[in-house]
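Asks: Provided below for reference: sequence and predicted model.
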Amino acid sequence: MNHDRTEPIRIGRIDYTNVWPVFHHFEPELLRCAPRLVRAMPAELNRRLREGAIDMAAISSFAYGLNSEDYVLLPNLSVSARGPVQSILLFLKSPLETVLDGGRIAMTTTSATSVNLLKILMEKFHGGQPVYESAEPDLDSMLTHADAALLIGDHAIRASWHHHGYEVIDLSESWYRFTGMWMTFAVWAVRREAAAAMSADIAEIYEALVDSKRRSYGDMRPVIDHALRTVGGTEAYWKGYFEGLNHDFGSGQREGLSLFFKYARELGYLEKDVAIEEWSLAGPVATPAAPPQ
Ligand SMILES: C=C(O[C@@H]1C=C(C(=O)O)C=C[C@H]1O)C(=O)O
């Protein structure tokens with residue numbers, strides 16, 4: 001299902017708070033190319049981009065790894081952390097030793113990156129062999145059957161606010177402790193044929209996203225207010241949450257992501273090596289006008 005060039009370009013937006021700094025000031029209706037915005041959970045956007053039902057999206061970094069030959073990355077945009085992230089959480093009903101020794105872990109259906117990060121941490125770094133199952137992101141129902149539950153995004157944030165008494169492991173913190181590296185959870189990917197056919201639209205959207213990110217980082221207050229109004233929690237919580245997140249994609253994030261792909265490959269969760277390829281801005285917008293003849 002490739003893009004019909006008479007239709008507006010279709011963009012996927014992850015329906016979790018972690019992407020807000022990039023989208024908060026992004027106003028598609030003000031853009032010349034008038035893109036259509038589709039909001040969904042990461043796993044749903046991963047699927048729609050793969051099927052060509054959308055042209056570009058913030059998707060799970062692991063989904064980029066699975067289909068990298070079909071995609072290019074938008075430079076300098078990601079959802080990353082170097083240390084605790086507070087929204088990629090493993091809730092333990094049983095002790096970690098029990099979980100590692102054939103215990104059952106229920107994993108949210110909304111994720112692709114974090115489920116594989118969990119497997120790397122459990123198997124490579126802890127030497128364990130849990131049994132994994134997919135489940136709808138509801139902590140109570142997950143833990144009626146399983147010894148541990150993985151939640152991400154706002155599902156993890158809301159669950160962490162409840163006094164459930166479970167031990168909680170922040171997977172981004174574990175990754176940092178074991179590797180000393182950045183962890184990149186989401187990237188902005190564009191289907192190759194869309195990048196070729198609609199490069200001017202993509203350049204316009206890209207500049208608007210980067211501008212939105214720049215404004216959010218200049219003043220996180222409006223993003224925090226929006227989170228308070230729509231999700232709840234406290235101002236201190238959201239301030240700390242956005243401080244722990246990072247939305248750049250530079251050499252540190254790239255190295256961390258390459259290591260993540262390497263380990264996923266080693267364990268057989270990726271079938272091939274991944275070459276990370278960023279979209280070149282040498283499209284019509286970035287190319288200077290030809291000098292007069
Ligand atoms: C940091 C987060 O990163 C997310 C994790 C993803 C995944 O595990 O596949 C995908 C997109 C990101 O929104 C989060 O959900 O809180």
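Replies: Looks like it came in fine.
Asks: quick one, phi/psi of the residue lying closest to Pro95 once chain neighbours are set aside?
Replies: With sequence-adjacent residues excluded and distances taken as Cβ to Cβ, 6 or more residues apart in numbering, Pro95 is closest to Glu167, at 7.9 Å. Placement of C-beta: from N, CA and C, glycine included. Here is the backbone geometry of Glu167 (degrees, to the nearest 10): phi -70, psi 140.
Asks: report how many residues lie close to Glu167.
Replies: 12 (other Cβ atoms under 10 Å).
Asks: pull the contacting residues for it.
Replies: Contact analysis of Glu167 by Cβ atoms under 8 Å, 6 or more residues apart in numbering lists Phe91, Leu92, Pro95, Leu96.
Asks: most neighbours, which of the residues you listed?
Replies: Phe91 (25 neighbours).
Asks: wasn't that residue part of a strand?
Replies: Yes - under DSSP: H, G, I helix; E, B strand; the rest coil, Phe91 sits within a strand.
Asks: ok, it to Asp138 distance?
Replies: If you measure Phe91 against Asp138 using Cβ to Cβ, to the nearest Å, the figure is 11 Å.
Asks: what's across from the residue nearest to Pro95 in the sheet?
Replies: Glu167 has these beta-bridge partners by DSSP bridges: Leu92.
Asks: just the helices in the stretch 51-200 of the chain please.
Replies: 61-66, 96-100, 113-119, 139-145, 153-161, 171-179, 192-197, 199-218 (DSSP state H, counting those that start in this stretch).
Asks: okay, those helices, which one's buried deepest?
Replies: Among those, helix 61-66 has the highest mean neighbour count (mean count of other Cβ atoms under 10 Å), at a mean of 26.
Asks: list the helices and strands that helix packs on?
Replies: Using 3 or more Cβ pairs under 8 Å, 6 or more residues apart in numbering; DSSP states H and E as the contact test, the elements touching helix 61-66 are helix 42-51, strand 71-81, helix 113-119, strand 183-191, helix 251-266.
Asks: what's the shortest one packed up against?
Replies: The criterion is 3+ Cβ pairs under 8 Å, 6+ apart, and the helices and strands that helix 113-119 contacts are helix 61-66, strand 88-92, strand 104-108, strand 131-135, strand 148-152, helix 171-179, strand 183-191, helix 251-266.
Asks: change it to 7 Å
Replies: helix 61-66, strand 148-152, helix 171-179, strand 183-191 (3 or more Cβ pairs under 7 Å, 6 or more residues apart in numbering; DSSP states H and E).
Asks: His126: which of those is closest?
Replies: helix 171-179 (8.9 Å; Cβ to Cβ).
Asks: who in the stretch 101-250 of the chain is up against the ligand?
Replies: Selection of the stretch 101-250 of the chain residues close to the ligand by Cβ under 6 Å from any ligand atom yields Ser111, Ala112, Thr113, Ser114, Ile152, Gly153, Phe185, Ala186.
Asks: thinking again about what came up before, point out the most buried one among the helices and strands packed on helix 61-66.
Replies: Comparing the helices and strands packed on helix 61-66 on average neighbours per residue, with mean count of other Cβ under 10 Å, the densest one is strand 183-191 at a mean of 28.
Asks: and it, what does it pack onto?
Replies: Other elements packing on strand 183-191 under the criterion 3+ Cβ pairs under 7 Å, 6+ apart are helix 42-51, strand 56-60, helix 61-66, strand 71-81, helix 113-119, helix 171-179, helix 251-266.
Asks: distance to Glu133 and mean pLDDT for these - can I get that in a markdown table?
Replies: Formatted as a markdown table, the helices and strands packed on strand 183-191 follow (distance: least, Cβ to Cβ, whole Å; pLDDT from 0 to 100):
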| stretch | distance to Glu133 | mean pLDDT |
| --- | --- | --- |
| helix 42-51 | 15 | 98 |
| strand 56-60 | 19 | 98 |
| helix 61-66 | 18 | 98 |
| strand 71-81 | 25 | 97 |
| helix 113-119 | 11 | 98 |
| helix 171-179 | 17 | 98 |
| helix 251-266 | 19 | 98 |
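Asks: ok, and the closest non-adjacent residue to Thr98?
Replies: Nearest non-adjacent residue to Thr98, counting by Cβ to Cβ, 6+ apart: Asp147, 6.0 Å away.
Asks: contacting residues for that neighbour?
Replies: By Cβ atoms under 7 Å, 6 or more residues apart in numbering, Asp147 lies in contact with Lys93, Ser94, Thr98, Val99, Gly103, Arg104, Ile105.
Asks: make a markdown table from the residues you listed and add pLDDT to it.
Replies: Listed next are the contacts of Asp147 as a markdown table, based on pLDDT from 0 to 100:
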| residue | pLDDT |
| --- | --- |
| Lys93 | 97 |
| Ser94 | 97 |
| Thr98 | 98 |
| Val99 | 98 |
| Gly103 | 98 |
| Arg104 | 98 |
| Ile105 | 98 |
